[in-house]
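**Student:** Following is a predicted model, sequence given first.
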Amino acid sequence: MSSKSLEDLIQSVGNPVDLARNSQIGPYVYPAVPAEFSNWRDEQHAWRNTSALFDQSHHMTDLTIKGPDVIRLLEATGINTFKSFGVDKAKQFTAVNYDGYVIGDAILFHLEENVISLVGRPSAHNWVQYHAETGDYDVTLHRDERTAVNKEGRKLYRFQVQGPTAMQVLEKANGGPLPEIKFFNMGRITIGGHEVRALHHGMSGVPGLELFGPIAEGEDVRAALIEAGAEFGLKQVGARVYATNTLESGWIPCPLPAVFTGDDMKAYREWLPANGYEGTGSLGGSYYSNDISDYYLTPWELGYGGFVKYDHDFTGREALEKMPEPTRRKVTLAWNGEDVARALGTLFTKGDRAKYIDIPLSNYSTWPNDKLLKEGKQVGVSTFSGYSSNEGSMLSLAVVDTDVEEGEEITLVWGEEGGGSQKPVVERHVQTEIRAIVSPVPYAEVVRASYRPK
């Protein structure tokens, strides 16, 4: 940890909103992977129509926790139940602060008895590590940072093969029938002469497996997958379009960590480094509040209400038990194409221009928050946006008031106030309004069907 803490940084700035709004970094990065292998439109089409190979080896942090108290540590820090969480199972782990607001989420892999790996954006990892180091837990930790901040090099490769022909690709690469692996369970297969751990995980809402193993074996595994996939339309997916799959599947990957306020969180902020994820992340978009806690989200607003289990004691349990019925819910927004074209059209005129809408992924900050209006009244925030060639539409994942009905048209305010913040990725611009239809989440019918209870 650096000598200067997140708490020191907040005190020097005065308001964490100002700190995040004017951070000098842009959106969360997906490093090391080429931007495109063919073109991003066909790469999007592949996960819907044939199969796609995602390289997830570089943008996520892996925290491996070993020891007899690993489950006790996770129970103390997560809202999830761990009653039947055995070896070769996976779970989406979610952590909340003392007031019940989400700090972060990630995927837990139960690798061996008393050995679990937490994989994802680092906010949940930091929370778990803090408790491991400051509490009475018999565990050891090993942290494999994402490539962007990893000077030692990654230890594991992590691929995902998804799409209608994915299982055919994997069976051919395996040299025979695949073992039956239940959803969010793990098994072992052989690819490129190496044993590979395989998680059944439908990131794009279609069949497939997430594969991982030692980084030294990664290129052998990749080559074998590409060779096996040639007859089945497999395409490698580049960094430019990788994150847009979440627009179709409905997972919000970028909630602002609820760590910036509260006396009971001060010790944690003093532990967090000033130059870490929380201290350098950027806040962007048209929603403005001087209170950083107005950007916090609850588990229910993120669609994680079903994860909350009161069969164990955990930080934030009492607050969640007292929390009133949710007043907001997660939805997908389908942006009006004419309004998007009008905003993009200002690139070709002199004078005032709208904030550039980058395609296919349109986020320009770590934590996007765009204001949503209905008849001039704010009814929610849009958090993650981009273009789906599969749907022929700009989409965003949003949290709206529960009385906003599916099918209604609301207005998204695009761009920042006062010509834009001090972030280098924000050019001078004027705000513009874009109509959007409140739509289901997940948006894609193929994903909704695959996520229905069997």
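**Tutor:** Cool, got the structure.
**Student:** how about residue 341, what does it touch?
**Tutor:** Neighbouring residues of residue 341 by CB atoms under 8 Å, 6 or more residues apart in numbering: there are none. (Each C-beta comes from the backbone N, C-alpha and C, glycine too.)
**Student:** could you point out where this protein is predicted with low confidence?
**Tutor:** The model of the chain has pLDDT under 70 over residues 1-2, 203-205, 445-454.
**Student:** in it, which spans are helices?
**Tutor:** Here the chain has its helices, by DSSP state H, at 6-13, 16-21, 40-49, 70-77, 122-134, 166-174, 218-229, 239-242, 245-249, 266-271, 277-280, 317-322, 337-345, 445-451.
**Student:** Comparing the ones you listed, which comes out most buried?
**Tutor:** When you average the neighbours per residue for each of these (mean count of other CB atoms under 10 Å), helix 245-249 leads with a mean of 25.
**Student:** packing partners for that helix?
**Tutor:** In terms of contacts (3 or more CB pairs under 8 Å, 6 or more residues apart in numbering; DSSP states H and E), helix 245-249 is packed against helix 40-49, strand 377-388, strand 393-401.
**Student:** at 7 Å instead, please
**Tutor:** On a contact count with 3 or more CB pairs under 7 Å, 6 or more residues apart in numbering; DSSP states H and E, helix 245-249 meets strand 377-388.
**Student:** so what does the strand it packs on touch, helix or strand wise?
**Tutor:** helix 245-249, strand 367-368, strand 370-374, strand 393-401.
**Student:** export it as PDB, just CAs?
**Tutor:** Extracted in PDB, the C-alpha atoms of strand 377-388 (Å, rounded to 0.1, in the frame of the first residue of the first chain):
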ATOM      1  CA  LYS A 377     -38.400  15.200 -13.500                       C
ATOM      2  CA  GLN A 378     -35.400  12.900 -12.800                       C
ATOM      3  CA  VAL A 379     -36.500   9.300 -12.600                       C
ATOM      4  CA  GLY A 380     -33.100   7.500 -12.600                       C
ATOM      5  CA  VAL A 381     -29.600   7.200 -13.900                       C
ATOM      6  CA  SER A 382     -28.000   5.400 -16.900                       C
ATOM      7  CA  THR A 383     -24.800   3.700 -16.000                       C
ATOM      8  CA  PHE A 384     -23.200   1.800 -18.900                       C
ATOM      9  CA  SER A 385     -23.800   2.400 -22.600                       C
ATOM     10  CA  GLY A 386     -22.800   1.200 -26.000                       C
ATOM     11  CA  TYR A 387     -23.900  -0.100 -29.400                       C
ATOM     12  CA  SER A 388     -25.200  -3.600 -30.200                       C
END
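**Student:** So what's the gap between it and the chain middle?
**Tutor:** With CA atoms, centre = their mean, to the nearest Å as the basis, strand 377-388 stands 15 Å off its chain's centre.
**Student:** Export the helices of the chain to JSON lines and append columns for distance to residue 302.
**Tutor:** Converted to JSON lines, the helices of the chain look like this (distance: least, CB to CB, whole Å):
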{"stretch": "helix 6-13", "distance to residue 302": "23"}
{"stretch": "helix 16-21", "distance to residue 302": "19"}
{"stretch": "helix 40-49", "distance to residue 302": "23"}
{"stretch": "helix 70-77", "distance to residue 302": "17"}
{"stretch": "helix 122-134", "distance to residue 302": "13"}
{"stretch": "helix 166-174", "distance to residue 302": "27"}
{"stretch": "helix 218-229", "distance to residue 302": "32"}
{"stretch": "helix 239-242", "distance to residue 302": "21"}
{"stretch": "helix 245-249", "distance to residue 302": "12"}
{"stretch": "helix 266-271", "distance to residue 302": "21"}
{"stretch": "helix 277-280", "distance to residue 302": "18"}
{"stretch": "helix 317-322", "distance to residue 302": "13"}
{"stretch": "helix 337-345", "distance to residue 302": "26"}
{"stretch": "helix 445-451", "distance to residue 302": "15"}
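**Student:** Those: which one's closest to residue 198?
**Tutor:** Closest to residue 198 of those, according to CB to CB: helix 166-174, at 8.0 Å.
**Student:** Next, format the helices and strands packed on strand 377-388 as a markdown table and append distance to residue 381.
**Tutor:** Listed next are the helices and strands packed on strand 377-388 as a markdown table, based on distance: least, CB to CB, whole Å:
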| stretch | distance to residue 381 |
| --- | --- |
| helix 245-249 | 16 |
| strand 367-368 | 9 |
| strand 370-374 | 6 |
| strand 393-401 | 6 |
